[in-house]
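# Below are the sequence and a predicted model; questions follow.
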Amino acid sequence: MVDSFVFRSMTEEDIDQILEIEHASFTLPWSRDAFYNEMHHNKFAVYIVIEVEGKIIGYCGAWIVIDEAHITNVAILPEYRGRKLGEALMEKMISVARSMGARSMTLEVRVTNNIAQSLYRKLGFQKGGIRKNYYSDNQEDALIMWVNL
């Protein structure tokens, strides 16, 4: 675990660092425009970052609609994985969602991503179903997971 980290809301100035994390984490990374639009045009979107020594090393986004939170993306730079920072980031987003009135949270995760699934189960998420051919890079199915907050 890293000794000192800070959570804060994501700003437009953070997008370059977020894109670095995206490209290191996903085969189909989101674009600059996608993040810009989330921040400026999606009234449901909430994004938080985690910083270590002033560097953004991870982020999490969610759409909070009425009483439901849907995780859109969550990622930690590869060199910081395995230090419980992803867990801390998810716990923070759960707390933020709860404070905004969310009573449940959902997400999709690749059926082959056992490490992420293990983390989500640790946080109370349970299997809710499968989205067939969800990921357009390889048509992999997504496991839908839910947790009551």
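Arrived safely, thanks for sending. Residues are numbered from 1 along each chain as shown.
# Only C-alpha atoms from now on, for both contacts and neighbour counts.
Will do.
# quick one, what contacts E108?
71, 142-145 (Cα atoms under 8 Å, 6 or more residues apart in numbering).
# any idea how far H70 is from K122?
From K122 over to H70 the distance is 18 Å, taken as Cα to Cα, to the nearest Å.
# More neighbours: which of those two?
With other Cα atoms under 10 Å as the criterion, K122 and H70 differ in neighbour count, and H70 comes out ahead with 20 against 11.
# quick one: secondary structure of the more buried one?
Using DSSP: H, G, I helix; E, B strand; the rest coil, the secondary structure recorded for H70 is strand.
# swap in R83?
Using three-state DSSP, the structure places R83 in coil.
# okay, now it: neighbour count?
Neighbouring residues of R83 were enumerated by other Cα under 10 Å; the total is 11.
# Just send the contacts of E108 back as a markdown table, with neighbour count, pLDDT and secondary structure too.
Rendered in a markdown table, the data for these read as follows (neighbours: other Cα atoms under 10 Å; pLDDT from 0 to 100; DSSP: H, G, I helix; E, B strand; the rest coil):
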| residue | neighbour count | pLDDT | secondary structure |
| --- | --- | --- | --- |
| I71 | 22 | 98 | strand |
| A142 | 20 | 94 | strand |
| L143 | 21 | 94 | strand |
| I144 | 18 | 96 | strand |
| M145 | 20 | 97 | strand |
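# can you give me the strands for this protein?
Assigned by DSSP state E, the strands in the chain fall at 6-9, 45-52, 55-65, 68-76, 104-110, 126-131, 142-148.
# Give the buried residues for the first one.
Just to be clear, that refers to strand 6-9. For strand 6-9, a neighbour-count test (16 or more other Cα atoms under 10 Å) marks F7 as buried.
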